[in-house]
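In: Take this sequence and fold it.
(chains A and B)
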Number of protein chains: 2
Amino acid sequence: MSDVTAAERELGTAFLPRFDAQGLLIAIAVDSSTREILMVAYMDAEALEKTRETGLAHFHSRSRGKLWLKGETSGHFLRVEEIRVDCDQDALELRVRPEGPACHTGARSCFYRKIDGEGLARIEG
Amino acid sequence: MSDVTAAERELGTAFLPRFDAQGLLIAIAVDSSTREILMVAYMDAEALEKTRETGLAHFHSRSRGKLWLKGETSGHFLRVEEIRVDCDQDALELRVRPEGPACHTGARSCFYRKIDGEGLARIEG
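Out: Model (predicted):
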């Protein structure tokens, strides 16, 4: 990693994902049709590799400490159509086609509430 | 924190941000007009408080270990119009009006490249 300069990482065309001290990077899943943010989670190198291999979003579950295929129990897979990377390559935007609600609560997106005064309000839609 | 159940956090109307072991949560800035993801960073309690107080996005810089008002040197502030929170309240979506390019490279968004084969390709637009 130390051989890679910031300029190469930011301006180059080499994919050089920058995992943090825990071996993770942020992955934001966005509905490729509606552009809605569906969920955000972490990926380690294994999850990234599996995602690229299969075209289905895999993450790293910090609570369970292991690889997590999104939809493995619910069937609500996220089919990855495009992967974007940010300037310093420590975050990914996954453009996906969701096969069902992305949130385990049954909501289409995990971001179903907004701050409203001192509390939260449900977002319609 | 231990007094808050997962159900209260997920289904309730109380704003109960869940900071991780480093005292941070993920904040994703989205252009409120175009819906484009502009950048992703971390917030600690102080950054969140300052953001709510001022209406300008503040983050916590992990590299510098301190509060960071986005735009403090460039003038490219992010005016926060709405804050959404995810199911387990460890990530925020900031709907913002950007006052200039959000990326320090001069790009409108930090996500200006996509994975293309084994490398990266610049996204037009």
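
In: Stretch A:35-51 near chain B at all?
Out: Yes - Stretch A:35-51 is in contact with chain B by C-beta under 8 Å from any C-beta of the partner chain, via A:Arg35, A:Glu36, A:Ile37, A:Met39, A:Val40. No exception for glycine: its C-beta is placed from N, CA and C like everyone else's.

In: And for the residue lying closest to the second one once chain neighbours are set aside, the neighbour number?
Out: With sequence-adjacent residues excluded and distances taken as C-beta to C-beta, 6 or more residues apart in numbering or on different chains, A:Glu36 is closest to A:Ser109, at 5.3 Å. Around A:Ser109 there are 23 other residues, counting by other C-beta atoms under 10 Å in any protein chain shown.

In: Could you do A:Thr51 as well?
Out: When neighbours are counted by other C-beta under 10 Å, A:Thr51 registers 22.

In: other SSEs contacting the strand or helix carrying it?
Out: Per DSSP states H and E: A:Thr51 is located in helix A:45-54. In terms of contacts (3 or more C-beta pairs under 8 Å, 6 or more residues apart in numbering or on different chains; DSSP states H and E), helix A:45-54 is packed against strand A:58-61, strand A:66-69, strand A:78-85.

In: Can you mark which positions in the last one are buried?
Out: Buried residues in strand A:78-85, counted by 16 or more other C-beta atoms under 10 Å in any protein chain shown: A:Leu78, A:Arg79, A:Val80, A:Ile83, A:Arg84, A:Val85.

In: now for it, which elements pack on it?
Out: Applying 3+ C-beta pairs under 8 Å, 6+ apart, one finds that strand A:78-85 makes contact with helix A:45-54, strand A:91-98, strand B:113-116.

In: Stretch A:101-113 spans what distance, first to last residue?
Out: Distance across stretch A:101-113, first residue to last, is 15 Å (C-alpha to C-alpha, to the nearest Å).

In: which parts of it are buried?
Out: Neighbour count says stretch A:101-113 has A:Ala102, A:Cys103, A:Ala107, A:Arg108, A:Ser109, A:Cys110, A:Phe111, A:Tyr112, A:Arg113 buried, by 16+ other C-beta under 10 Å.

In: For B:Leu69, state which of those is nearest.
Out: The closest of the buried residues of stretch A:101-113 to B:Leu69 turns out to be A:Phe111 (C-beta to C-beta; 24.1 Å).

In: Just say helix, strand or coil for the closest one.
Out: coil (DSSP: H, G, I helix; E, B strand; the rest coil).

In: Run through the residues of chain A sitting next to chain B.
Out: Residues of chain A lying near chain B (C-beta under 8 Å from any C-beta): A:10-15, A:26, A:28, A:30, A:35-37, A:39-40, A:52, A:82-88, A:91, A:93, A:103-105, A:107, A:110-115, A:118-123.

In: low-confidence ranges in chain A?
Out: A:1-3, A:125 (pLDDT under 70).

In: Name the SS class of A:Arg9, please.
Out: With three-state DSSP as the criterion, A:Arg9 reads helix.
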